[in-house]
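Participant: Task: produce atomic coordinates for the following.
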Amino acid sequence: MKQSRLPAFDVLVNLAKRDPEALERLRRKEIESVITNAPPHLQRRLRGLQFQIDSQIQIHASPLGACIKISEMMHESFTHLRCVLNELTDQQQPPLAIVGNAAPAEVIPLRRDLSAD
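Facilitator: Alright, predicted model coming up:
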């Protein structure tokens, strides 16, 4: 996968201050590079995800609002992934009742029968 070299952080900050349009062009160029260099079977999904991100950027009045919403989207995705992985893990482990070749156990009452004393 082709990896580009981004300018240093300070250069990007300076670009954001003096020429935000140039920073936006760089951002779009880098995003397009990542998508076109991804495996073909992932490109459609990546374009859909980028569409959702771009929509949030347009909807929100401030960059901070867009950042918060995009962060929420990311957390929702990670939560979903965690749930799916937990389900898969749970399905692969046998229930405790059938682990090993254990014979049925005798249940011993915990209460003491006081009338027998």
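Participant: So which residues of this structure form strands?
Facilitator: Remark: strands of the chain are absent; assignment by DSSP state E.
Participant: What segments of this structure are helices?
Facilitator: 9-18, 20-37, 40-59, 63-92 (DSSP state H).
Participant: Export these to TSV and append columns for mean neighbour count, distance to residue 111 and mean pLDDT.
Facilitator: For the C-beta atoms, the positions are set from N, CA and C on the backbone; glycine is no exception. Formatted as TSV, the helices of the chain follow (neighbours: other C-beta atoms under 10 Å; distance: least, C-beta to C-beta, whole Å; pLDDT from 0 to 100):
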stretch	mean neighbour count	distance to residue 111	mean pLDDT
helix 9-18	11	70	95
helix 20-37	13	67	96
helix 40-59	12	60	96
helix 63-92	11	35	91
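Participant: will you turn those into TSV that also has distance to residue 107?
Facilitator: Shown next, in TSV, are the helices of the chain (distance: least, C-beta to C-beta, whole Å):
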stretch	distance to residue 107
helix 9-18	66
helix 20-37	61
helix 40-59	54
helix 63-92	27
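Participant: Out of the ones you listed, the one nearest residue 108 is which?
Facilitator: helix 63-92 (30.7 Å; C-beta to C-beta).
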